[in-house]
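Undergrad: Below is the sequence, then the predicted model.
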Amino acid sequence: CAAALGSDTGGSIRQPASFCGIAGLKPTYGRVSRYGLVAFASSLDQIGPFAKDIRDCAMLLHAIAGHDPCDSTSANLPVPDYSSTLTGDIRGIRIGIPDDYFIEGMDPEVEAAVWTAIRTLKELGSTQEKVSLPHTPYAIATYYIVATAEASSNLGRYDGVRYGYRTTRPADLLEMYQRSRREGFGPEVRRRIMLGTYALSAGYYDAYYLKAQKVRTLIRRDFEQAFEQCEVIATPTSPTPPFKFGEKVADPLAIFRGEPMDTASVRKLPDDRKKVSIPYMTESGKIMSGSKARVIWPYACKPAGNAS
């Protein structure tokens, strides 16, 4: 196929795209309708395109973007012609480089590839600015509290009664509830539901969920201040190469630790900024993961005043 759609909460388009050497884009919240999407974390979920390159992503985004009366969170704003911004001319574009995203433990080949990509952008006429995102170390914790809390609430409706999976031949109503949810949700989903239920439970709401929302605001302000200095922020998509299928199933924390680049999702900016994973192969050609620069801005092809 030429392209596909996916849903991205904290990196589920961008990281798989980077692992496969294709382009993946998470649109701005509200740019694409979420009507029909099974909600995981309502304030984070977005539908976006996978494609072989950015031009195909732009074409598909143009097709799916726009206001939808069936989704009250979709933005009633004009949809620009994203493909028209893909001129290839990036002269004068200011690219922000946050040291906060080049973390300890990043794979050396990944880091080298990202810096090679950044140098290439400079050779093409862009300028580089150091930017600070000081609350980045708190992004993972914030993301997992907010996302799991919202997942616990959203997925509570799947009880085997109204819709969704229902177990067969339960002994009574309680067993039907228990078995339907136990059999219908996988281990990772059940784990996140339990974490979210705990964060929202009496006595812990203020300590966890409310505090996470406050930190989320601080992370947003970091990005707002950074975008006063630049139009683009370039980072690795992932700090490590792709892992083998099933390799980290037994160690959920290893998966959590591998997502620090994607958790910028917890911030929301008021304008049309997007998060896109762009392929960049290393010299060895053996990895296709964090060697992708992620750009937060409409395609980094024209100055901010000429694109929406």
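TA: Sure, I can see it. Residues are numbered from 1 along each chain as shown.
Undergrad: mind listing the helices for the chain?
TA: According to DSSP state H, the chain carries its helices in the segments 14-20, 54-64, 108-123, 139-154, 173-184, 187-200, 211-226, 252-257.
Undergrad: and Tyr101, how far is that from Asp71?
TA: 31 Å (CB to CB, to the nearest Å). Using the backbone N, CA and C atoms, a C-beta is placed for each residue, glycine as well.
Undergrad: neighbour-wise, which of the two wins?
TA: Set Tyr101 next to Asp71 and count neighbours by other CB atoms under 10 Å: Tyr101 wins out with 21 against 15.
Undergrad: was I right about the more buried one contacting Ala226?
TA: No. Counting by CB atoms under 8 Å, Ala226 is not a contact partner of Tyr101; they are 11.2 Å apart.
Undergrad: okay, and the common contacts of those two?
TA: Leu133 (CB atoms under 8 Å, 6 or more residues apart in numbering).
Undergrad: on that earlier part again, what's the most buried one of the helices of the chain?
TA: Per residue and on average, the most neighbours among these fall to helix 14-20, with a mean of 24 (mean count of other CB atoms under 10 Å).
Undergrad: helices and strands around it, which ones?
TA: Counting by 3 or more CB pairs under 8 Å, 6 or more residues apart in numbering; DSSP states H and E, the packing neighbours recorded for helix 14-20 are strand 23-26, strand 275-278.
Undergrad: So for Tyr208, what's the pLDDT?
TA: pLDDT, Tyr208: 94.
Undergrad: Likewise for Ala171?
TA: 96.
Undergrad: Please apply the same query to Pro303.
TA: Per the predicted model, pLDDT is 30 at Pro303.
Undergrad: do the same with Glu123
TA: According to the model, Glu123 scores 93 on pLDDT.
Undergrad: what about it, distance to Ser238?
TA: Taking CB to CB, one finds Glu123 at 25 Å from Ser238.
Undergrad: Could you do Ser126 as well?
TA: From Ser126 to Ser238 the distance is 23 Å (CB to CB).
Undergrad: Just want to know which of those two has more residues nearby.
TA: Per other CB under 10 Å, whichever of Ser126 and Ser238 has more neighbours is Ser238, with 30 against 20.
Undergrad: list the contacts for the nearest residue to Gly160 once chain neighbours are set aside?
TA: Distances taken as CB to CB, 6 or more residues apart in numbering put Ser180 closest to Gly160, at 2.9 Å, once the chain neighbours are dropped. Neighbour list for Ser180: Tyr158, Asp159, Gly160, Gly164, Tyr165, Arg166, Thr167, Pro170 [criterion: CB under 8 Å, 6+ apart].
Undergrad: same thing but at 6 Å, please
TA: The contact partners of Ser180, by CB atoms under 6 Å, 6 or more residues apart in numbering, come to Gly160, Tyr165, Arg166, Thr167.
Undergrad: again, but for Thr148
TA: Arg192, Leu195, Gly196.
Undergrad: can you do 8 Å?
TA: Counted by CB under 8 Å, 6+ apart, Thr148 has contacts Ala41, Arg192, Ile193, Leu195, Gly196, Ala199.
Undergrad: what do you get for Met176?
TA: Per CB under 8 Å, 6+ apart, neighbours of Met176: Gly160, Val161, Arg166, Thr167, Pro170.
Undergrad: Next one: the closest residue in space to the third one that isn't next to it in sequence relative to Ala51, how far apart?
TA: Read it as Arg166. Closest residue in space to Arg166, ignoring its immediate chain neighbours: Gly160 at 4.1 Å, by CB to CB, 6+ apart. According to CB to CB, Gly160 stands 38 Å off from Ala51.
Undergrad: And for Gly125?
TA: From Gly125 to Ala51 the distance is 25 Å (CB to CB).
Undergrad: So which of those two has more stuff around it?
TA: Legend: neighbour count by other CB under 10 Å for Gly125 and Ala51, higher for Ala51 (21 against 11).
Undergrad: returning to what we had before: of all the helices of the chain, which one is nearest Ser83?
TA: Distance to Ser83, taken as CB to CB, is lowest for helix 54-64 among the helices of the chain, at 4.7 Å.
Undergrad: Give me the contact list for that closest one.
TA: Contacts with helix 54-64, where a contact means CB under 8 Å, 6+ apart, come from 2-3, 5, 23-25, 27, 31-33, 47-51, 79-83, 85-86, 276, 278, 299.
Undergrad: count of neighbours near Asp251?
TA: Close neighbours of Asp251, defined as other CB under 10 Å, add up to 10.
Undergrad: what about stretch 174-194, start to end distance?
TA: This stretch, stretch 174-194, spans 18 Å end to end (CA to CA, to the nearest Å).
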